[in-house]
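**Student:** sequence first, then the predicted structure:
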Amino acid sequence: MNETPGPDGREESLAERLARIETLLTPARDELSHAERSLEPAWRRVTRGEPRWASTGAVVTVVAFQFLLPHRLSVQPRWLMPVVELLLLAALVAGNPHRIERRSGGYRALGLVLTLAIGVANGYSAARLVVGLVRGTEPAPAATLLLTGGAIWLINVVIFGLLYWELDRGGPAARAQGERDVPDFLFVQMQSPELAPPHWEPAYLDYFYLSFTNSTAFSPTDVMPVTRWAKMLMLLQSVVSLMTVVLVVARAVNILK
């Protein structure tokens, strides 16, 4: 009862018939899978890891600015934080010297520790500066005060750019592997893929631009935060930037008068 004539006229069992149907359906299934992958947004596909140079250059720039800050605003001893940051950076570069593709829990933790170290050092400098301005004990002349405040503000931009870059969709290595479907930040190229090259992924410079515009406009511009942590982090950056700019400029104007 379970046997029917096959294509060659030979009686075939139900199992043989199902196997033949499966063989016939396999090419169509493969074509459908390929079509689905081609329709998938470029930023969700597996891509090459981004080059290392941009994020490395940002950290080196921060270290250089830290040495330019007044002695009274730096963590003591003055060389401690820059040396710690450079050692952490060297370990990260050794793990991914050219492109950020290798992913592990330890490597990701190392990157977050580096960002935290820079943030702590700059937070200390900003707090010392703000306290001095509020109490009226900051001795710097107007020009020096503006330069110092500008350096702290710029370091703050780099720090938040690194945070956005390290946290969005699991970090640069996870983004390259397309491990997470839901973005934390929605870039224009994600909404309008025709404006971006194939396999586009946000890189550090995109997050630096996001950080810079948030520090100047005190609100999102063309990049929208999607998740709650992204919104709260952008809110924190706007508050820190606003306090630094307002207090430094007000004090400098008062000195000039």
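**Tutor:** Perfect, thanks for sending it.

**Student:** which residue packs closest to Asn96, ignoring adjacent ones?
**Tutor:** In space, and not counting its chain neighbours, Asn96 is closest to Arg102: 5.3 Å by CB to CB, 6 or more residues apart in numbering. The C-beta positions use only the backbone N, C-alpha and C, and glycine is treated the same way.

**Student:** quick one, what contacts the most centrally placed residue in the chain?
**Tutor:** For the chain, the residue nearest the mean C-alpha position is Trp165 (0.6 Å; CA atoms, centre = their mean). Going by CB atoms under 8 Å, 6 or more residues apart in numbering, Trp165 touches 55, 171-172, 204, 207-208.

**Student:** reformat the residues you listed as a markdown table; add pLDDT, secondary structure and neighbour count.
**Tutor:** Converted to a markdown table, those look like this (pLDDT from 0 to 100; DSSP: H, G, I helix; E, B strand; the rest coil; neighbours: other CB atoms under 10 Å):
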| residue | pLDDT | secondary structure | neighbour count |
| --- | --- | --- | --- |
| Ser55 | 91 | helix | 28 |
| Gly171 | 88 | coil | 19 |
| Pro172 | 89 | helix | 27 |
| Tyr204 | 94 | helix | 24 |
| Tyr207 | 96 | helix | 26 |
| Phe208 | 96 | helix | 20 |
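
**Student:** how about those residues, which pair is most distant?
**Tutor:** Based on CB to CB, the longest span within the contacts of Trp165 runs between Gly171 and Phe208 and measures 15.6 Å.

**Student:** ends of stretch 129-149, what's the gap?
**Tutor:** 8 Å (CA to CA, to the nearest Å).

**Student:** actually stretch 208-226, not the one I wrote
**Tutor:** Distance across stretch 208-226, first residue to last, is 18 Å (CA to CA).

**Student:** need the residues that contact that stretch.
**Tutor:** 54, 58, 153, 156-158, 160-161, 164-165, 182-188, 206, 231, 233-234, 237-238, 241-242.

**Student:** rewinding a little: surely the residue nearest to Asn96 is in a helix?
**Tutor:** No - per DSSP: H, G, I helix; E, B strand; the rest coil, Arg102 lies outside any helix segment and is coil.

**Student:** got a list of what it touches?
**Tutor:** Counting by CB under 8 Å, 6+ apart, Arg102 has contacts 95-96, 173.

**Student:** was I right about Asn122 contacting Trp153?
**Tutor:** No - using CB atoms under 8 Å, Asn122 is not in contact with Trp153, being 9.6 Å away.

**Student:** who's more crowded, these two?
**Tutor:** Asn122 (26 against 18; other CB atoms under 10 Å).

**Student:** quick one: the strand or helix carrying the more buried one to chain centroid distance?
**Tutor:** Secondary structure assignment for Asn122, by DSSP states H and E: helix 105-135. In terms of CA atoms, centre = their mean, to the nearest Å, the centre of helix 105-135 is found 17 Å from the chain centre.

**Student:** helices or strands next to it in the packing?
**Tutor:** When contacts are defined as 3 or more CB pairs under 8 Å, 6 or more residues apart in numbering; DSSP states H and E, helix 105-135 packs onto helix 53-68, helix 80-95, helix 142-167, helix 228-256.
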